[in-house]
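Undergrad: have a look; sequence and predicted model below, questions after that.
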Amino acid sequence: MPKLTSARQVQNIRHGWHLFKNRRTMWQMLREVLKGHYRMSLFTTLVFILAIAYVIFPFDLIPDFIPVLGWLDDAAVIFLLFKALHKETQRYIQFKARIRRNSLS
(Lines give C-alpha, C1' and ligand atoms only; values in the text may rest on other atoms or scores of the structure.)
Protein backbone atom coordinates (compact mmCIF):
# COMPACT_ATOMS: atom_id res chain seq x y z
CA MET A 1 0.00 0.00 0.00
CA PRO A 2 1.50 3.40 -0.95
CA LYS A 3 2.35 5.77 1.84
CA LEU A 4 0.12 8.84 2.00
CA THR A 5 1.71 12.26 1.91
CA SER A 6 1.16 14.26 5.09
CA ALA A 7 -0.53 17.65 5.03
CA ARG A 8 2.71 19.34 6.13
CA GLN A 9 4.62 17.82 3.21
CA VAL A 10 1.97 19.02 0.80
CA GLN A 11 2.13 22.50 2.31
CA ASN A 12 5.94 22.54 1.99
CA ILE A 13 5.68 21.48 -1.64
CA ARG A 14 3.21 24.33 -2.19
CA HIS A 15 5.70 26.81 -0.69
CA GLY A 16 8.37 25.68 -3.13
CA TRP A 17 5.91 25.73 -6.04
CA HIS A 18 4.75 29.21 -5.06
CA LEU A 19 8.32 30.52 -5.12
CA PHE A 20 8.98 28.89 -8.47
CA LYS A 21 5.75 30.24 -9.91
CA ASN A 22 6.39 33.74 -8.51
CA ARG A 23 10.13 33.84 -9.13
CA ARG A 24 9.82 37.12 -11.05
CA THR A 25 8.06 38.67 -8.08
CA MET A 26 10.80 37.39 -5.77
CA TRP A 27 13.56 38.85 -7.96
CA GLN A 28 11.66 42.14 -8.24
CA MET A 29 11.34 42.18 -4.44
CA LEU A 30 15.08 41.54 -4.00
CA ARG A 31 15.91 44.33 -6.49
CA GLU A 32 13.66 46.75 -4.60
CA VAL A 33 15.30 45.74 -1.32
CA LEU A 34 18.73 46.54 -2.79
CA LYS A 35 17.46 49.90 -4.10
CA GLY A 36 15.93 50.72 -0.71
CA HIS A 37 12.31 50.89 -1.93
CA TYR A 38 11.17 47.90 0.13
CA ARG A 39 12.36 46.60 3.47
CA MET A 40 12.24 42.91 4.28
CA SER A 41 11.48 41.80 7.82
CA LEU A 42 14.45 41.41 10.11
CA PHE A 43 13.85 37.66 10.40
CA THR A 44 13.84 37.15 6.62
CA THR A 45 16.94 39.29 6.22
CA LEU A 46 18.81 37.29 8.87
CA VAL A 47 17.67 33.96 7.41
CA PHE A 48 18.71 35.10 3.92
CA ILE A 49 22.19 36.24 4.96
CA LEU A 50 22.87 33.30 7.27
CA ALA A 51 21.58 30.72 4.76
CA ILE A 52 23.75 32.04 1.94
CA ALA A 53 26.77 32.22 4.25
CA TYR A 54 26.15 28.71 5.61
CA VAL A 55 25.94 27.17 2.15
CA ILE A 56 28.94 29.07 0.75
CA PHE A 57 31.39 28.76 3.65
CA PRO A 58 33.00 25.36 4.25
CA PHE A 59 32.06 25.26 7.95
CA ASP A 60 29.07 22.94 8.40
CA LEU A 61 27.44 21.16 11.31
CA ILE A 62 27.80 17.94 9.32
CA PRO A 63 30.80 17.95 6.92
CA ASP A 64 29.94 17.70 3.22
CA PHE A 65 32.36 14.82 2.60
CA ILE A 66 29.89 12.47 4.34
CA PRO A 67 27.87 11.41 1.26
CA VAL A 68 24.21 12.02 2.11
CA LEU A 69 24.19 13.38 5.64
CA GLY A 70 26.58 16.18 4.71
CA TRP A 71 24.11 17.58 2.22
CA LEU A 72 21.03 17.22 4.42
CA ASP A 73 22.01 20.12 6.67
CA ASP A 74 22.53 22.33 3.60
CA ALA A 75 19.15 21.21 2.26
CA ALA A 76 17.49 22.06 5.59
CA VAL A 77 18.99 25.55 5.52
CA ILE A 78 17.84 26.07 1.93
CA PHE A 79 14.38 24.83 2.92
CA LEU A 80 14.18 27.40 5.74
CA LEU A 81 15.29 30.07 3.29
CA PHE A 82 12.56 29.11 0.81
CA LYS A 83 9.95 29.13 3.56
CA ALA A 84 11.01 32.60 4.75
CA LEU A 85 11.10 33.92 1.18
CA HIS A 86 7.62 32.51 0.58
CA LYS A 87 6.23 34.50 3.51
CA GLU A 88 8.16 37.58 2.45
CA THR A 89 6.88 37.47 -1.13
CA GLN A 90 3.35 37.33 0.28
CA ARG A 91 4.11 40.48 2.31
CA TYR A 92 5.65 42.11 -0.77
CA ILE A 93 2.56 41.37 -2.89
CA GLN A 94 0.37 42.97 -0.20
CA PHE A 95 2.74 45.95 -0.05
CA LYS A 96 2.54 46.46 -3.83
CA ALA A 97 -1.27 46.16 -3.72
CA ARG A 98 -1.46 48.84 -1.00
CA ILE A 99 0.75 51.17 -3.06
CA ARG A 100 -1.40 50.58 -6.14
CA ARG A 101 -4.60 51.20 -4.14
CA ASN A 102 -3.21 54.43 -2.64
CA SER A 103 -2.09 55.73 -6.03
CA LEU A 104 -5.60 55.21 -7.45
CA SER A 105 -7.22 57.14 -4.59
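TA: It's in.
Undergrad: is it true that S41 touches Q90?
TA: No. Using Cβ atoms under 8 Å, S41 is not in contact with Q90; the gap is 11.3 Å. Where C-beta positions appear, they are placed from N, C-alpha and C, glycine not excepted.
Undergrad: can you get me a residue count around M40?
TA: Here the count is done by other Cβ atoms under 10 Å, and M40 has 19 residues near it.
Undergrad: ok, now which ones touch it?
TA: 29, 33, 48, 88 (Cβ atoms under 8 Å, 6 or more residues apart in numbering).
Undergrad: among those residues, which are located in strands?
TA: Judged by DSSP state E, strands contain none of these.
Undergrad: taking the residues you listed, please make a PyMOL selection of just the buried ones.
TA: One line in PyMOL is enough to select the buried ones among the contacts of M40; burial here means 16 or more other Cβ atoms under 10 Å:
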select buried, resi 29+33+48+88
